[in-house]
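Visitor: what follows is a predicted protein model with its sequence.
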Amino acid sequence: MTTIPINTRTDVDYGTPLPTSTETITLSIDGVDVTVPKGSSVMRAAATAGVMVPKLCATDSLKSFGSCRLCLVEIDGRKGYPASCTTPVEAGMQVRTQSKKLGDLRRGVMELYISDHPLDCLTCSANGDCELQDMAGAVGLREVRYGYEGENHLDAKKDTSNPYFEFDPAKCIVCQRCVRACEEVQGTFALTVDGRGFASKISPGQMESFMESECVSCGACVQACPTATLIEKTVVDAGTPDYDVVTTCAYCGVGCSFKAEMKGREVVRMTPYKDGMANHGHSCVKGRFAWGYATHKDRITTPMIRKKITDPWTPVSWDEAITYAASEFKRLQSQYGRGSVGAISSSRCTNEETYLMQKLVRAAFGNNNIDTCARVCHSPTGFGLKTTLGESAGTQNFDSVQHADVIVVIGANPTDGHPVFASAMKRRIREGAKLIVIDPRRTDIVRSPHIEASHHLQLRPGTNVAVLNALAHVIVTEGLADDAFALARCEPASYAQWKDFVSKPENSPEALEAETWVPASVVRGAARLYASGGNAAIYYGLGVTEHSQGSTAVLGIANLAMATGNLGRPGVGVNPLRGQNNVQGSCDMGSFPHELPGYRHVLDDSVRALFEGRWNVSLEKEPGLRIPNMFDAALDGSFKGLYLEGEDIAQSDPDTTHVTAALEAMECIVVQDLFLNETAKFAHVFLPGSSFLEKNGTFTNAERRISRVRKVMEPVAGKEDWQVTVALANALGYPMHYNHPSEIMDEIASLTPTFTGVSYARIEELGSIQWPCNDAAPEGTPVMHEQQFVRGKGKFVPTQYVPTTEKVNRKYPLILTTGRILSQYNVGAQTRRTSNVEWHNEDRLEIHPHDAEERGIHEGDQVSVTSRAGETSLRAHITDRVQPGIVYTTFHHPESGANVITTENSDWATNCPEYKVTAVQVSPALKGSEWQERFQSFTSEQLGHLERAVGVRSPKP
Amino acid sequence: MNLNKLIEMANQIGRYHAALPDRAEALTGTAMHIRRFWEPRMRRELLAHIDATGGEGLEPIVIEAIGANRAELQPAQ
């Protein structure tokens, strides 16, 4: 039985935003004194006093607009009837929100609105959830004297082109909340008002449909709409929701808070939660709309086993599956040794699940062969920031960007990968912050409506470290460093050593120009701006980490921030943008093979003793295998069994042929997932996973914010993921007993110094918590390293540029770099099973017009992409977004085989793969590659094995 | 394990540390990185390669670093 916490609808719309001023003003509203921040509107002050002034064009996520004239008030000493939304409070102001005259005026306004509005409230999709309806009631509208026969918009055609929401202009009151939301909240500027006066109508793009326009389907317009004009199709179909539960999005590392709005046990819609500290009521197309995968027909709902991957699956009970998996792991350990098995968890898992996975490996398997998908994304962040600053985490909260004067985006594509944070970033840029982008591609953030980078360092992939050194060279040699900060806060000897290193002539922008492709003048301009433009904040992504020098680049970024004093206060910092929802959390939980929870090395006797005492087991002190090492050990015959939860290495990891050969070499692969993913096609045991809607837990986002994941429906296969791991540990002979994930968090808190103040009760109290949360910081830590660095003194590290060994030549003359797109998420297992495919139904190869022309390639042509690792084929998209010599693709669709061509090259410190640099040749192709043919045939064989199993037996309890 | 890959990984670690101005720190750093992040079977295979060939394919800094820290690097049998 699940207890669902039902939130009473206490959300208040104050009408206009909360000002930032700390100064307060007291005024009187209807005879009641109220004190509000200076800069508040009269409308907001009234709402604070509990007096809701009628309104239509105002909502507190948008600046006041003053168009609907419904919120008129009377103010002593003022002439007329000022609009309360646009009138700022003044000390001693006496405001009346109700009078006969005001009532008459408001009814007059409403009468005009309603005279051009369909009177179909009873059958309207927004019935009961419509501000226009509410206001008609609030002002006491009883008649419309103008009749309905005059000119009107009631026959305007609906636009149903967007798969998730519809636009019914017949119901539109042209309050422009949607237009303003698209501008102020999302920053896309896709909507406008076409025409004047009575002819005014909302227009996506230039009178296009929503799907044809630049709309990114973030849902901000739908959220802002006070009528049924913009409404979710799920609400049209199912009706308005009955209750809601606040939870956390399961997509990117922004970790948006959402209200799962429910009808019974079914989600009707997900709406961004206004009090969510990461997203403040905003969302993107994935979190807002792409949740239908949770009930997709492809969900596997029964455990299954098979002896060999050529066998059909056999559906079994949970007990049979768990017992079989445990017996296989025990057999393998007895036959091949204790180190012959391991596990890989995922950033898609909750903190509690990843904690249990590593605990199972360490306590039940008796080794440290646990790794997580952060290996292939942000492992260099952990290494680099721990080495320089002392903690493997970003330094700021997201809101910090609102205090930045200079924003540097390196190797990240926030409008696609972290859209909600990108909107916050763009808002700050529109307010005047300067932007520097370091990226081989011209991403949307480089130039979009009202956004333009001051400097775009369009570097050659693989030369991040050279560019960072060149920036440092300018800062040091031009005397722009903040010596006082660096000498006071960092190790002086390391600072002096670093300055000597970066000052060398070979690190000058001029010397490196030929290598990096970035004109020296651009580097110099960017360095000067970063060092002397005020608060400067660096945001970086996998374009930094997924290189053979990924860790060196992270060290270089931290060096720059320390040298310029851009750490330890709002508006600055080093901010890794984490790809998946729980990258930070899975790393925090000890998911790396060399670290116990809280980033403490397994070699440390005292740390091991702490865990041994609590777990009642002796722990291995040698580090375990990292993911790529597991593959090599599998191929040499010493690694035989793997337990994976939520991770699809056969699609996401580089050099697919190598990965699948390793999978085939193992004797027992246990996959716990929602779907029969690519890896599961090589598995022997399938344990059905539970979606984020079906379980309790926590996620930790990129700003170290721990937020609750709350169960709103029963797991389709009967078990939450943490329960499966518990059952497997017990079957392996290591007892685990938890009644609820909150008990797992209590254990984490008891063993991890940065988490001692964290508990579900405390999260409930505070809404969310940014670790460290302990006696020193009982409410958490939005900004780290304020007084001193976690390691004490910051450490500067010389960062010698070492070119990658993956080089272009005549055979492979182009550099392939990979990335992602807004509508799809990682391996696409979730988003491909939603209508998001309408935006991106295949991975395409971006190629510059010159390179395409040289090869006789036209838009949409099938092309072969060949590297030293393999060959695949994709359709070409010709664009100057990439430079000549560079090609780019995404990896969201397994049949694309993007990772068939990426190589095994990896970061020197962490083995994070070098996804971002692969030398390739591109040529016209008539058909798919051999790999793609094999893939199709293997896939249909495996789906045949599944089809024979599904439906034969239903899951046993 | 794939010996060639281990050699390349060790060389990458060596190349990073070779840039440090303090040679002693570079040697210890190289060896300790391998000690702290390489699973025993990886270290064992690299050490066996050095024993068998004197470190064919390995950069001098790696051979020197491992030689100076051999006891630390040798996994328990």
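Guide: That came through fine. Residues are numbered from 1 along each chain as shown, chains lettered A, B, ... in the order given.
Visitor: per-domain residue ranges of chain A.
Guide: A:304-377+A:583-694+A:714-740, A:394-576, A:814-926 (automatic domain parsing).
Visitor: so which of those domains comes closest to chain B?
Guide: domain A:814-926 (3.6 Å; CB to the nearest CB). Where you see a C-beta, it was placed from the backbone N, CA and C, and this is true even at glycine.
Visitor: quick one: mean pLDDT over that closest one.
Guide: The predicted model gives domain A:814-926 an average pLDDT of 96.
Visitor: picking up where we left off before, mind putting the domains of chain A in a markdown table, mean neighbour count included?
Guide: Shown next, in a markdown table, are the domains of chain A (neighbours: other CB atoms under 10 Å in any protein chain shown):
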| stretch | mean neighbour count |
| --- | --- |
| domain A:304-377+A:583-694+A:714-740 | 22 |
| domain A:394-576 | 22 |
| domain A:814-926 | 21 |
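Visitor: among these, which is nearest A:Thr20?
Guide: Within the domains of chain A, the stretch nearest A:Thr20 is domain A:394-576; the backing value is 8.6 Å (CB to CB).
Visitor: could you work out the end-to-end span of the closest one for me?
Guide: 6 Å (CA to CA, to the nearest Å).
Visitor: and stretch A:407-422, by the same measure?
Guide: End-to-end distance of stretch A:407-422 (CA to CA): 11 Å.
Visitor: repeat that for stretch A:422-442.
Guide: End-to-end for stretch A:422-442, by CA to CA: 15 Å.
Visitor: quick one: it to chain centroid distance?
Guide: Counting by CA atoms, centre = their mean, to the nearest Å, stretch A:422-442 is centred 17 Å from the centre of its parent chain.
Visitor: sorry, back to before: and the domains of chain A: which comes nearest A:Gly15?
Guide: Between the domains of chain A, domain A:394-576 lies closest to A:Gly15; by CB to CB that is 19.6 Å.
Visitor: what sits closest to the residue in chain B that chain A sits nearest to if chain neighbours are left out?
Guide: The nearest approach of chain B to chain A comes at B:Ala19, 3.1 Å away (CB to the nearest CB). Setting aside the residues directly before and after it, B:Ala19 is nearest to A:Gln800 in space (CB to CB, 6 or more residues apart in numbering or on different chains), at 3.1 Å.
Visitor: three-state assignment of that neighbour?
Guide: Here A:Gln800 is recorded as coil under DSSP: H, G, I helix; E, B strand; the rest coil.
Visitor: and the pLDDT at it?
Guide: 96.
Visitor: ok, it touching B:His17?
Guide: No. Applying CB atoms under 8 Å, one finds A:Gln800 not in contact with B:His17, separated by 9.3 Å.
Visitor: so which of those two has more stuff around it?
Guide: B:His17 (25 against 19; other CB atoms under 10 Å in any protein chain shown).
Visitor: what helix or strand is the more buried one on?
Guide: Assigned by DSSP states H and E, B:His17 falls within helix B:3-18.
Visitor: right, and the helix or strand after that helix?
Guide: helix B:23-37.
Visitor: centre of the chain to that following helix, how far?
Guide: For helix B:23-37, the distance to the chain centre is 8 Å (CA atoms, centre = their mean).
Visitor: residues in contact with A:Glu510?
Guide: A:Ala520 (CB atoms under 8 Å, 6 or more residues apart in numbering or on different chains).
Visitor: for it, what is the enclosing helix or strand?
Guide: Using DSSP H and E, A:Glu510 sits within helix A:509-516.
Visitor: put the alpha carbons of the very next helix or strand once past that helix into PDB.
Guide: Moving toward the C-terminus from helix A:509-516, the next helix or strand (DSSP H and E) is helix A:520-532. The C-alpha coordinates for helix A:520-532 follow below in PDB (Å, rounded to 0.1, in the frame of the first residue of the first chain):
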ATOM      1  CA  ALA A 520      45.100  34.800 -30.900                       C
ATOM      2  CA  SER A 521      43.200  38.100 -30.800                       C
ATOM      3  CA  VAL A 522      40.000  36.300 -29.900                       C
ATOM      4  CA  VAL A 523      41.800  34.400 -27.100                       C
ATOM      5  CA  ARG A 524      43.300  37.600 -25.800                       C
ATOM      6  CA  GLY A 525      39.900  39.400 -25.900                       C
ATOM      7  CA  ALA A 526      38.200  36.500 -24.000                       C
ATOM      8  CA  ALA A 527      41.000  36.300 -21.400                       C
ATOM      9  CA  ARG A 528      40.800  40.000 -20.700                       C
ATOM     10  CA  LEU A 529      37.000  39.900 -20.400                       C
ATOM     11  CA  TYR A 530      37.100  36.800 -18.100                       C
ATOM     12  CA  ALA A 531      39.700  38.300 -15.800                       C
ATOM     13  CA  SER A 532      38.500  41.800 -15.600                       C
END
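Visitor: give me the angle between the following helix or strand past helix A:520-532 and helix A:520-532.
Guide: Where DSSP H and E defines the elements, the next helix or strand beyond helix A:520-532 is strand A:536-540. On the basis of axes from the mean of the first three to the mean of the last three CA atoms, to 10 degrees, strand A:536-540 is oriented at 120 degrees to helix A:520-532.
Visitor: partners of strand A:536-540 in the sheet?
Guide: Using DSSP bridges, the strands paired with strand A:536-540 in its sheet are strand A:406-410 (parallel), strand A:573-576 (parallel).
Visitor: next SSE after the longest one?
Guide: Towards the C-terminus, the helix or strand next in line after strand A:406-410, according to DSSP H and E, is helix A:414-417.
Visitor: give the helix, strand or coil label for A:Thr872.
Guide: What three-state DSSP gives for A:Thr872 is strand.
Visitor: quick check: phi and psi at the residue of the stretch 751-900 of chain A found nearest chain B.
Guide: Closest to chain B within the stretch 751-900 of chain A is A:Gln800: 3.1 Å, counting by CB to the nearest CB. Backbone geometry at A:Gln800, expressed as degrees, to the nearest 10, gives phi -60, psi 130.
Visitor: who's in contact with it?
Guide: By CB under 8 Å, 6+ apart, A:Gln800 lies in contact with A:Val465, A:Phe501, A:Thr552, B:Arg15, B:Tyr16, B:Ala18, B:Ala19.
Visitor: before we move on, back to that, the residue of chain B closest to chain A and A:Cys175, how far apart?
Guide: Counting by CB to CB, to the nearest Å, the gap from B:Ala19 to A:Cys175 is 61 Å.
Visitor: let me see the contact set for residue 17.
Guide: Just so you know, I chose chain A. A:Arg44, A:Asp60, A:Ser61, A:Leu62, A:Lys63.
Visitor: meant chain B actually
Guide: B:His17 makes contact with B:Glu25, B:Ala26, B:Leu27, B:Gly29, B:Thr30, B:His33, B:Ile61, B:Ala65, according to CB under 8 Å, 6+ apart.
Visitor: quick one: it and A:Lys504, what's the gap?
Guide: Separation of B:His17 from A:Lys504 (CB to CB): 18 Å.
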